[in-house]
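K.L.:
Quick check, what structure comes out for this input:
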Amino acid sequence: MKPLGRGMFDVYALALPRGHGFGERLPREAWQSDDGKACAIVTRHAEDGSIGLIVMRRRTDGVWAVTHDNVPQPDVATATALAEVELEVGRPPLPVPPGVQRRTALYDLQGREPSQIFRLLTARSHQNVAWLLNQLYLSLPRPDANWAADCQTENFHTRLWEAQLLASFREQGLLVTQPAESPDFRIENRRDGVAWVEAVTANPQERFEPVNARPSFQPEEPADLFFGAAALRFAKTLGSKLQRGYADMPHVAGMPFAIALADFHAPASMMWSREALLGYLYGMSAHVIEIDSERIAIAGEASHLRGASGFPAGLFCNDAHAELSAVIFTNACTLGKFNRLAISAGAPDHGLRYVRYGKFFDRRPGALDGIKFSLDVTSDEYRGLWPQGYEPWCAELEVFHNPFARHPLPEALLPEATHWVDVDGELICRSHYATNILWSGTLIQNQTDDIPSYDGVPAYLESVARRRRAGEAEPKAPDLECP
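P.N.:
I've put the predicted structure just below:
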């Protein structure tokens with residue numbers, strides 16, 4: 001058997017019902033079998049020091065099954081010896097239990113024509129995305145029977161978002177189950193905090209091919225940014241879910257209900273559309289003006305979104321939708337996110353370099369812009385941005401709370417997310433991580449290329465385009481899914 005590093009251990013642990021939530025029995029050492037089909041974790045109780053052993057083995061369909069669930073051991077040496085026995089190579093995979101649906105292999109197209117974005121996962125530059133997405137698919141408690149087919153074809157982003165949500169929840173130690181057809185997830189912490197979450201994606205009015213699509217650009221006028229087309233797309237997406245009455249279902253009634261939203265309504269729109277969500281939910285905007293050579297931020301309000309529809313703004317400005325406790329959002333449900341997390345956690349880079357560029361949130365008083373950065377995701381500087389030593393799933397996860405919610409979503413239920421809450425009529429933001437990124441993009445480079453500075457990124461993109469036109473070998477293009 002061979003030791004499991006922190007990053008890879010944390011990926012495999014996402015298959016456990018509570019993910020990284022080990023409670024008082026903390027992981028001490030972990031190994032995997034030489035064939036990768038089993039892993040073992042020695043735990044030590046934080047108070048009494050007692051030793052336990054967790055063993056996970058793959059089923060015939062690839063799903064992890066727990067065969068030893070913190071089985072008490074007299075000491076670490078005994079636990080290690082038992083782990084060696086359990087992780088011997090050659091043991092057959094476990095059968096799928098009777099009455100449990102066999103997980104369809106994600107790579108098995110069964111005669112289907114895959115989408116271009118799914119086909120992209122076979123490229124050298126995106127093999128880590130394929131591996132990580134498959135790990136999360138196999139970790140879902142009870143995915144839809146058509147999950148694999150959807151992922152392979154037109155609904156790739158919907159399934160990508162569900163996989164990322166599972167990882168984000170279990171990274172925070174939540175018990176994640178799928179006991180009903182809908183909503184998608186039931187989440188629970190060790191203090192009996194419970195909520196239901198329905199996942200949804202904001203999709204384009206007309207489908208487009210996301211691979212190498214020309215990015216959309218942020219509207220120039222603040223009113224268009226906060227209350228324009230993107231806000232209307234969010235309004236219609238959330239409205240369609242609210243009409244289904246999830247909060248009134250017998251198994252949901254009386255508990256917090258949230259909608260988890262990811263944006264795919266235009267190419268790379270998630271680089272700038274977060275402000276549109278703020279505009280729709282709270283009817284607020286912000287822009288910068290210059291007075292006597294000093295730049296000042298000015299807040300604005302609106303009661304309706306722009307355009308002929310006259311759609312109301314301010315979903316959370318009254319109690320008309322008190323059944324919705326919160327909206328969970330990310331601007332980083334991308335292939336770039338999966339690539340960065342896998343590689344910063346220790347996955348092989350396949351001879352390529354992955355560079356994240358963008359702007360950090362500037363916490364200095366009066367700051368009106370972000371701090372530019374451009375970093376190799378395997379660098380100590382990048383990994384050191386987070387206490388885990390690699391990029392976490394929750395780094396960009398935000399929760400927008402409804403101040404009029406009938407059943408408020410406790411902040412403690414999602415402790416590692418950024419929370420937007422109303423305090424005495426003022427909307428404030430509480431962040432878990434010291435590092436917050438306003439927006440970013442991910443470049444995939446040859447190792448021989450120089451890492452561009454933030455200001456050098458446009459020139460680098462142009463050079464990539466020239467190489468692509470010349471038919472040079474991989475990487476053919478940067479990963480333009482952002483951030």
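K.L.:
what sits against Pro267?
P.N.:
Applying C-beta atoms under 8 Å, 6 or more residues apart in numbering, one finds that Pro267 lies in contact with Phe208, Pro210, Ala213, Arg214, Pro215, Ser216, Leu480. Backbone N, C-alpha and C define where each C-beta goes, glycine included.
K.L.:
swap that for Asn146, sorry
P.N.:
No contacts exist for Asn146 under C-beta under 8 Å, 6+ apart.
K.L.:
Please tell me how far it sits from Asn155.
P.N.:
9 Å (C-beta to C-beta, to the nearest Å).
K.L.:
Please apply the same query to Ser309.
P.N.:
Using C-beta to C-beta, we find Ser309 at a distance of 26 Å from Asn155.
K.L.:
So for the two, which sits in the more crowded spot?
P.N.:
Asn155 (18 against 11; other C-beta atoms under 10 Å).
K.L.:
can you list the domain ranges for this protein.
P.N.:
2-102, 107-483 (automatic domain parsing).
K.L.:
Need the winner for burial among the ones you listed.
P.N.:
Compared across the domains of the chain, domain 107-483 shows the largest average neighbour count, a mean of 18 (mean count of other C-beta atoms under 10 Å).
K.L.:
circling back to that earlier point, so can I have TSV of the domains of the chain showing mean pLDDT?
P.N.:
Shown next, in TSV, are those (pLDDT from 0 to 100):
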stretch	mean pLDDT
domain 2-102	96
domain 107-483	91
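K.L.:
which stretches of the stretch 251-400 of the chain form strands?
P.N.:
Here the stretch 251-400 of the chain has its strands, by DSSP state E, counting those that start in this stretch, at 257-263, 284-291, 294-301, 326-330, 352-360, 371-376, 398-401.
K.L.:
now those as CSV including distance to Asp35?
P.N.:
Below are the strands of the stretch 251-400 of the chain laid out as CSV (distance: least, C-beta to C-beta, whole Å):
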stretch, distance to Asp35
strand 257-263, 35
strand 284-291, 55
strand 294-301, 57
strand 326-330, 35
strand 352-360, 26
strand 371-376, 32
strand 398-401, 40
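K.L.:
Relative to Tyr246, which of those is closest?
P.N.:
Tyr246 lies closest to strand 257-263 among the strands of the stretch 251-400 of the chain, at 5.8 Å (C-beta to C-beta).
K.L.:
quick revisit: so which of the contacts of Pro267 would you say is closest to Val176?
P.N.:
Closest approach between those and Val176, by C-beta to C-beta: Pro210, at 27.4 Å.
K.L.:
Next up, the contacts around the closest one.
P.N.:
Contacts of Pro210 (C-beta under 8 Å, 6+ apart): Gln116, Ile117, His157, Phe264, Pro267, Glu481.
K.L.:
mind redoing it with 6 Å?
P.N.:
Neighbouring residues of Pro210 by C-beta atoms under 6 Å, 6 or more residues apart in numbering: Ile117.
K.L.:
measure it to Val457 for me?
P.N.:
20 Å.
K.L.:
ditto for Ala231
P.N.:
On the measure of C-beta to C-beta, Ala231 and Val457 end up 28 Å apart.
K.L.:
Likewise for Glu426?
P.N.:
Plainly put, Glu426 is 36 Å away from Val457 if you go by C-beta to C-beta.
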